[in-house]
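# structure for the following, please:
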Amino acid sequence: MKRPAKQVMPELQKIRHFVMNIIYQSEGKKVKLPSLRTLSAEFGLGASTIKQEFDRLEREGYLVSRHGVGVFTNPKQYFFPETKLPLVGIKLYQGDAYFYDATLMKMIAELMSALSAFPCNVHMLTAGCTTVEELDVELRHSHIDALVTVSVEPELTAFAASRMPAVNIGYPCPETDSVVFRGEAAGRELAELLCGARRSPRVLQLNDSRNIDGFRQALENDGRIRCSGSSGSVPAGELEPLLRGGDHDCVITHSKNIAFIHKFFGRNRPDAIPRLVAIDDGIYPDFPDCFYLAMPRQEAARLAAARLAELLGCRKARPPFERILEHKLCRHHSQS
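Take a look at the predicted model:
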């Protein structure tokens, strides 16, 4: 029975990207591809599936097969007539997000803008990697020259940095070139704002982002504030029980939850809606009045791209650098 196309296509894409990566790095030379048996073991795919994509690539002119000899890349299909540009990989979180929200879209835009002045080409790494072993496979198959990671687990980022020039944006990652977001100053500013309005304010924290550890710690270390809530991810369907659990003066959460939480308190506590604080700046004009943390992503992207250029152009090992950028507490006024 023929397998559905929706299951076959991701497998074919793996092989296609593998071949394109080889052509990208070939510098216009003919390269013999591994045998179907070797690739079958490497990718865990059937030889017939791999042959299907090889045939397609041959029809498109990227491959040339020689009976009894093997399959080769076609040097006439080389991507660069002169100098090959570095291929920079970008990995966001685990890499397998189904969609990018406003915060990630803004980060991608800033990274693309900064890297476009490099010059280089960009390859998005989209395999879902949670272990070093899985990332090792993805890096080997991608043939990238350098990597930018955004909020990737430090263990994975450190492994990538041991294999190639790499810069991390987001979480602290010792011994790895990093641009780290902190938020202590914004946390202290919010604490003063809350304590100026009420003695011993109650703060409910509903977020799982380590990019704001400093912000969260500044609130929790302030003896005037009573903090509660979850430091882990809270599914949308589990928000209401937590919101009903106390007389909150402030709720800190992801921007995606702001409108829902405002409506909840509008129905249940219309005369005492708590201050709402988004831990990111994915705020739209029609959002209710709230505060949010503005991420210095433009500066982060600029620093990451500049450091990557240094690493690619430097043959000697350089000590890793760390740049710390502060979130800024901003206020949004609804336009609806």
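
# please make it C-alpha for all contacts and neighbour counts, starting now.
Will do.

# tell me what the residue nearest the centre of the chain is bridged to.
With distances taken as CA atoms, centre = their mean, Leu92 lies nearest the centre of the chain, 1.8 Å away. Under the criterion DSSP bridges, Leu92 forms beta bridges with Val150.

# ok, now which ones touch it?
Under the criterion of CA atoms under 8 Å, 6 or more residues apart in numbering, the neighbours of Leu92 are Leu125, Thr149, Val150, Ser151, Val152.

# ok, and the most crowded of those residues?
Thr149 (27 neighbours; other CA atoms under 10 Å).

# contact partners for that residue?
Ile90, Lys91, Leu92, Tyr93, Thr157, Ala166, Val167, Asn168, Ile169.

# pretty sure the fourth one sits against Val152.
So that's Tyr93. Yes. Using CA atoms under 8 Å, Tyr93 makes contact with Val152 at a distance of 4.6 Å.

# count of residues packed around Lys51?
For Lys51, using other CA under 10 Å, the count is 14.

# how about the CA coordinates for the host helix or strand of it, as CSV?
Lys51 is part of helix 47-59 when elements are defined by DSSP states H and E. Provided in CSV are the C-alpha atoms of helix 47-59 (Å, rounded to 0.1, in the frame of the first residue of the first chain):
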residue,chain,number,x,y,z
ALA,A,47,16.4,2.8,-0.3
SER,A,48,13.3,3.2,-2.6
THR,A,49,12.4,6.5,-0.9
ILE,A,50,15.9,7.9,-1.3
LYS,A,51,16.0,6.7,-5.0
GLN,A,52,12.7,8.5,-5.6
GLU,A,53,14.3,11.8,-4.6
PHE,A,54,17.5,11.1,-6.4
ASP,A,55,15.5,10.6,-9.6
ARG,A,56,13.7,13.9,-9.1
LEU,A,57,17.0,15.7,-8.5
GLU,A,58,18.4,14.1,-11.6
ARG,A,59,15.5,15.3,-13.7
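
# just checking, what packs against that helix?
Helix 47-59 is packed against helix 5-25, helix 36-43, strand 63-66, with contacts defined by 3 or more CA pairs under 8 Å, 6 or more residues apart in numbering; DSSP states H and E.

# which residues are in contact with the longest one?
It refers to helix 5-25. So helix 5-25 is contacted by 31, 45, 49-50, 52-53, 57, 73, 75, 77-79, 84, 141-144 (CA under 8 Å, 6+ apart).

# so what's Arg202 bridging to?
As for beta bridges, Arg202 partners with Arg226 under DSSP bridges.

# next, the buried residues of the helix or strand hosting Ile108.
Secondary-structure element containing Ile108, defined by DSSP H and E: helix 102-116. The neighbour-count check on helix 102-116 (16 or more other CA atoms under 10 Å) flags Ala102, Thr103, Leu104, Lys106, Met107, Ile108, Glu110, Leu111, Met112, Ala114, Leu115 as buried.

# please tell me how far the nearest residue to the first one once chain neighbours are set aside sits from Ile258.
Looking back up the chat, that one is Ala102. Nearest non-adjacent residue to Ala102, counting by CA to CA, 6 or more residues apart in numbering: Gly282, 5.0 Å away. Gly282 sits 10 Å away from Ile258, going by CA to CA, to the nearest Å.
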